[in-house]
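> Could you look at this predicted model? Sequence included:
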Amino acid sequence: MNAMGWVAIVGAAAWTPQIITWVCRLLRKPKLSLHLHSQPQIGYTTLGPIFNVTCALLSEKKDAILNKFSATLRHDSGASHTFDWAGLSEDLSEIQNPIGPIMSIKKTSLPLVVKVLHTGVAQLFVRFLYEQFKVNLRKPSGPALDRFNFLKTSGKLKTEKDIEDLVSEQVFADLLKVFSSEFIWRAGKYTVTFEFGSPNKFRYKKSEYTFELSQDDIDNLRKNIDNIKLDLIQTAKGGIISDYKPKEIIWLWRNPELQRKD
């Protein structure tokens with residue numbers, strides 16, 4: 001072998017460690033871990049059943065791209081409901097105010113894709129909604145909305161009493177029935193599991209968590225059904241009467257203790 005051949009071999013050998021490093025980085029899978037605040041937020045509003053959590057996401061070895069985040073809640077009766085992420089708030093920084101409370105800077109977004117950096121921690125407030133509720137609401141909400149728009153364009157909705165009379169019609173009664181029938185919360189123990197989705201492969205060790213709702217919790221959450229009716233009426237009035245001032249609606253929430261199962 002001539003000198004040029006030996007030079008080529010030595011040069012290729014010099015690149016071998018770098019090539020191995022590149023390949024290892026390419027094949028390395030991020031390891032995702034989830035850390036939850038001890039008190040989730042349970043609710044029921046015009047958006048349906050709500051399950052909110054504050055959490056921290058960590059990715060080891062490599063950045064992780066997430067395009068799905070869901071929570072499955074299983075009641076001890078056997079009923080199971082899956083909630084999908086519907087909104088995110090991320091803490092970016094805090095500003096120390098010398099004459100007042102600390103101000104937090106947050107970024108709120110729709111959950112399309114989240115990038116979890118391996119060099120830091122993503123602290124998020126995640127809003128989960130029960131997607132099946134939207135499917136079940138679609139059928140009765142269509143006729144109610146059509147009726148409202150027809151009367152509005154016909155000039156037959158001008159006063160608050162016109163709206164209140166409209167709500168007494170059957171199409172709106174059918175709509176309100178759905179909010180009663182779709183109230184899924186029950187007294188008892190719930191087991192929660194979280195799932196992630198990603199366009200890339202990653203590792204995630206699934207854990208189970210539990211919380212309990214008392215009958216008093218359920219009774220309070222159910223009071224939101226009256227708030228839903230008020231919210232719908234006030235929204236309709238606001239769409240007709242330019243100077244209408246709605247009453248403040250106080251939604252009732254529960255914050256049970258979330259415990260990780262060993």
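Alright, I've got the coordinates. As the structure is a computational prediction, the values presented were derived from the model and not from experiment. Numbering: from 1, shown residues only.
> Quick check: bridge partners of Phe51?
Ile42, Phe128 (DSSP bridges).
> okay, now it: neighbour count?
20 (other Cβ atoms under 10 Å). In short, each C-beta sits where N, CA and C put it, glycine included.
> And it, what's its pLDDT?
As summarised for this prediction, Phe51 has a pLDDT of 97.
> Confirm for me that it is in contact with Leu36.
No: in this structure Phe51 lies outside contact range of Leu36 using Cβ atoms under 8 Å: 11.8 Å.
> Sticking with the closest residue to Ala71 other than its chain neighbours, tell me its helix or strand.
For Ala71, ignoring the flanking residues on the chain, the nearest one in space by Cβ to Cβ, 6 or more residues apart in numbering is Phe83 at 4.7 Å. Phe83 is part of strand 80-95 when elements are defined by DSSP states H and E.
> any idea how far the residue nearest to Ala71 lies from Arg222?
Taking Cβ to Cβ, to the nearest Å as the measure, Phe83 falls 19 Å from Arg222.
> The two: which is more packed in?
Phe83 (26 against 14).
> ok, the more buried one - contacts?
Phe83 makes contact with 49, 51, 70-73, 128-131 under the criterion Cβ atoms under 8 Å, 6 or more residues apart in numbering.
> Would you mind putting those into JSON lines with distance to Gly142 alongside?
What follows is those, written out as JSON lines (distance: Cβ to Cβ, whole Å):
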{"residue": "Pro49", "distance to Gly142": "21"}
{"residue": "Phe51", "distance to Gly142": "27"}
{"residue": "Ser70", "distance to Gly142": "27"}
{"residue": "Ala71", "distance to Gly142": "29"}
{"residue": "Thr72", "distance to Gly142": "29"}
{"residue": "Leu73", "distance to Gly142": "28"}
{"residue": "Phe128", "distance to Gly142": "25"}
{"residue": "Leu129", "distance to Gly142": "20"}
{"residue": "Tyr130", "distance to Gly142": "20"}
{"residue": "Glu131", "distance to Gly142": "18"}
